[in-house]
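Q: curious how this folds, go ahead:
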Amino acid sequence: MQDFVAIDFETANPKFTSACSVGAVRVRGGEVDDCFYSLIHPYPNYYLPRFTEIHGLSKSDTEDAPYFDEVWHVLAPFIGGLPLVAHNKAFDATVLHRTLEHYGIAYSNKFYCTCIASRRVLGGVLENHRLNTVAGYYGFQFSHHHALEDARACAFIALRLLP
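A: The predicted model follows:
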């Protein structure tokens, strides 16, 4: 796959509508074309300590951030008609779809998963198929659990694993 957008969300709490940041990396012709990152005012607007421990974001970081419907007005044209790729599609696609549903926005681009591709291609080679493990296998270093950095790692992996 040579043209796609790798996307990653961080959430404030267990609610799939609580996206607090999004990172996206657009790839065209097998090369990174552009990047997008935004903090998001989550819904519902509360943070659990274990989530903050994972990604480092707290309520004070996103208090003045735009709501997702505002972010989507920029992100949707950035994505255009390109397929989306996430390392854990089950999580990121659910966050995207539930949040869009919350704001009454329809969306239907194709969505691929590099974690599933990793299990298929690298099964038996790696101890697990987490984003940092797969990226490390391919020599990609990044700051894990930052939405844009995770999207960069996902794009790097997708270029190696998705046909």
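
Q: so where do the strands sit in the chain?
A: 4-11, 19-28, 31-39, 84-86, 111-113 (DSSP state E).

Q: okay if I get these as a markdown table plus distance to Tyr137 and mean pLDDT?
A: Glycine gets a C-beta too; all of them are placed from N, C-alpha and C. Formatted as a markdown table, those follow (distance: least, CB to CB, whole Å; pLDDT from 0 to 100):
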| stretch | distance to Tyr137 | mean pLDDT |
| --- | --- | --- |
| strand 4-11 | 17 | 98 |
| strand 19-28 | 19 | 98 |
| strand 31-39 | 20 | 98 |
| strand 84-86 | 17 | 98 |
| strand 111-113 | 17 | 98 |
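
Q: in a markdown table: those, plus mean neighbour count and distance to Pro66.
A: Output for those, formatted as a markdown table (neighbours: other CB atoms under 10 Å; distance: least, CB to CB, whole Å):
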| stretch | mean neighbour count | distance to Pro66 |
| --- | --- | --- |
| strand 4-11 | 26 | 15 |
| strand 19-28 | 23 | 11 |
| strand 31-39 | 15 | 7 |
| strand 84-86 | 25 | 20 |
| strand 111-113 | 19 | 23 |
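
Q: and these: which comes nearest Leu131?
A: Nearest to Leu131, of all these, is strand 4-11, at 8.5 Å by CB to CB.

Q: how far out from the middle of the chain is the closest one?
A: 2 Å (CA atoms, centre = their mean, to the nearest Å).

Q: got the angle for it vs strand 31-39?
A: 20 degrees (axes from the mean of the first three to the mean of the last three CA atoms, to 10 degrees).

Q: check contacts around the residue of the chain most remote from its centre.
A: Here the centre of the chain is the reference, and by CA atoms, centre = their mean the most remote residue is Gly124, at 25.6 Å. Under the criterion of CB atoms under 8 Å, 6 or more residues apart in numbering, Gly124 has no neighbours.

Q: hey, where'd the helices end up in this protein?
A: Assigned by DSSP state H, the helices in the chain fall at 49-55, 59-62, 68-79, 89-102, 114-122, 131-137, 147-161.

Q: report the buried residues of the third one.
A: Along helix 68-79, the positions that meet the burial threshold by neighbour count (16 or more other CB atoms under 10 Å) are 68, 71-72, 75, 78-79.
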